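In: I'll drop the sequence and a predicted model, then ask my questions.
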Amino acid sequence: MSYPYRVVYAKKDLMKFVSHLDLLRLFQRASRRAHIPLKLTKGFHPHPKMQFQRALKLGTESEKEEFVLYLEHELEAEKIKILLQNNLPQGILIKEVYKAYE
């Protein structure tokens, strides 16, 4: 069983020049460093299960981007927000984290 959490973030300043694929890796790395218990995909090369919305054009700032993070067990949404923010570079601001019921 996995527990989905929706993460709302802003992408500003120099981070607007980071590509979508690099942004995916950035969130995976930040989650790993924060010791967030991510759910892994099944298969030969498991990777963290995350579901991103659309990709922004390079050089575009955004106030509200979203993705869904799947965890192995439940955590407090505010704790996830703090843990992620402490492991992300300047220019990425976590605005909100809440349970996503799918």
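Out: Arrived safely, thanks for sending. Residues are numbered from 1 along each chain as shown.
In: So which bits of the lengthiest helix in the chain are buried?
Out: Assignment by DSSP state H gives helix 20-33 as the longest helix of the chain. For helix 20-33, a neighbour-count test (16 or more other C-beta atoms under 10 Å) marks 23-24, 26-27, 30-31 as buried. Any C-beta I mention is one placed from the backbone N, CA and C, and that applies to glycine too.
In: okay if I get those as a markdown table plus distance to residue 58 and pLDDT?
Out: A markdown table is the format used below for those (distance: C-beta to C-beta, whole Å; pLDDT from 0 to 100):
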| residue | distance to residue 58 | pLDDT |
| --- | --- | --- |
| 23 | 11 | 93 |
| 24 | 14 | 94 |
| 26 | 15 | 95 |
| 27 | 17 | 95 |
| 30 | 20 | 95 |
| 31 | 23 | 95 |
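In: any chance you could map the helices in this structure?
Out: For the chain, the helices defined by DSSP H occupy 20-33, 77-86.
In: Reformat the ones you listed as a markdown table; add distance to residue 12.
Out: As requested, the helices of the chain are exported to a markdown table (distance: least, C-beta to C-beta, whole Å):
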| stretch | distance to residue 12 |
| --- | --- |
| helix 20-33 | 13 |
| helix 77-86 | 14 |
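In: How about residues contacting the longest helix of the chain?
Out: With contacts defined as C-beta atoms under 8 Å, 6 or more residues apart in numbering, helix 20-33 is touched by 11, 18, 38, 47-48, 50, 52, 55-56, 67, 69, 84, 87-89, 92.
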